[in-house]
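Asker: sequence plus the predicted model coming up.
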Amino acid sequence: MACEAPVGVFDSGVGGLSVLREIRRELPGESFLYVADCGHIPYGEKTPEFIRERCVRVAEFFRARGAKAMVLACNTATMAAVADLRERYPDWPIVGMEPAVKPAAAATRTAVVGVLATTGTLQSARFAALLDRFASNIRVVTQPCPGLMERVEQGDLKGPETRRLLQGYVAPLLEAGCDTLILGCTHYPFLKPLLEELVPADISLIDTGAAVARRLSAVLKECGLAAAQGPVSHCRFWTSGKPATFKSILPCLWGESADVEAFSK
Ligand code: DGL
């Protein structure tokens with residue numbers, strides 16, 4: 001596998017762009033293939049079996065294009081599918097992500113941490129195992145957020161409907177005494193400016209994008225697959241939704257325009 005080969009980055013929708021921007025900052029010489037499975041959102045309300053099947057299709061697509069590694073830039077997909085993917089492709093580096101329970105447990109002063117995530121993530125066995133492992137000395141209050149990723153998919157990061165939804169999801173966490181909120185879905189970092197308006201200034205907001213970027217960097221180095229560092233980074237985008245819709249949202253969420261192709265698997 002050549003060091004110049006691209007890395008495949010995948011999410012159910014636009015959320016993974018919040019991870020890809022951290023990865024591109026950390027690894028400016030790498031090239032990327034990004035697939036957004038917008039035709040099948042929200043993953044948070046789908047079965048693990050359905051998500052695993054979608055992940056395999058995307059993995060096959062990346063492999064057919066010579067991707068040297070895959071990043072699951074989606075907590076819900078990681079919870080449902082990372083173990084299965086690693087079993088299927090034992091020699092192919094796969095980086096997943098999960099809600100930042102460990103760093104939140106280290107950061108909290110009130111010993112009460114809130115997790116905003118999808119229903120699928122919060123109901124998964126992998127999330128339960130994460131709590132068993134890292135949250136035995138703190139209280140974790142979970143909050144599923146149906147409807148929230150759809151607001152981000154529409155590029156509505158601050159409108160009245162998004163504000164109403166987010167306020168409703170955050171209020172119980174604040175009432176429970178959380179001083180640290182985990183953004184456990186990759187769509188939510190795009191709502192950070194709105195969240196900062198809705199919560200007191202001393203509440204910490206933690207997401208995992210930068211940690212995933214560092215992990216990918218370490219994995220590529222370990223496997224001898226890191227590209228030479230340089231300013232040339234190329235990204236290609238596909239969606240199983242409407243390419244025109246995805247294209248129209250890129251300048252807002254990605255900061256640049258780009259062509260978007262149809263993913264019809
Ligand atoms: N962005 C995804 C995550 O990190 C999930 C959004 C969805 O429900 O499709 O969990």
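Answerer: Arrived safely.
Asker: surely Leu174 meets Ile203?
Answerer: Yes. With contact defined as C-beta atoms under 8 Å, Leu174 counts as touching Ile203 (7.4 Å). Where you see a C-beta, it was placed from the backbone N, CA and C, and this is true even at glycine.
Asker: quick check: neighbours shared by those two?
Answerer: The contact sets of Leu174 and Ile203 do not overlap (C-beta atoms under 8 Å, 6 or more residues apart in numbering).
Asker: confirm Tyr34 sits in a strand?
Answerer: Yes. Counting by DSSP: H, G, I helix; E, B strand; the rest coil, Tyr34 is found in a strand.
Asker: can you pull out the helices in the stretch 51-200 of the chain?
Answerer: Per DSSP state H, counting those that start in this stretch, the stretch 51-200 of the chain carries helices over the ranges 75-88, 101-107, 119-123, 125-134, 148-153, 160-175, 192-198.
Asker: okay, buried residues for the fourth one please.
Answerer: Of the residues in helix 125-134, those scored as buried under the neighbour-count criterion (16 or more other C-beta atoms under 10 Å) are Arg126, Phe127, Leu130, Leu131, Phe134.
Asker: still on that earlier bit, need the helices of the stretch 51-200 of the chain in a markdown table (columns: mean pLDDT and distance to the ligand).
Answerer: A markdown table is the format used below for these (pLDDT from 0 to 100; distance: least, C-beta to the nearest ligand atom, whole Å):
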| stretch | mean pLDDT | distance to the ligand |
| --- | --- | --- |
| helix 75-88 | 98 | 4 |
| helix 101-107 | 97 | 14 |
| helix 119-123 | 98 | 6 |
| helix 125-134 | 98 | 11 |
| helix 148-153 | 98 | 4 |
| helix 160-175 | 98 | 14 |
| helix 192-198 | 97 | 14 |
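Asker: so what's Cys50 up against?
Answerer: You called it Cys, but residue 50 is Phe. By C-beta under 8 Å, 6+ apart, the contact list for Phe50 reads His40.
Asker: tell me the secondary structure for it?
Answerer: Secondary structure state of Phe50, per three-state DSSP, is helix.
Asker: any idea how far Leu198 is from it?
Answerer: Computed with C-beta to C-beta, to the nearest Å, the distance linking Phe50 and Leu198 is 32 Å.
Asker: do the same with Arg88
Answerer: Using C-beta to C-beta, one gets 41 Å for the distance from Arg88 to Leu198.
Asker: equivalent analysis for Pro90, please.
Answerer: Per C-beta to C-beta, Pro90 is found 44 Å from Leu198.
Asker: neighbour count for the two, which is higher?
Answerer: With neighbours defined as other C-beta atoms under 10 Å, Pro90 and Leu198 compare such that Leu198 has more, 15 against 8.
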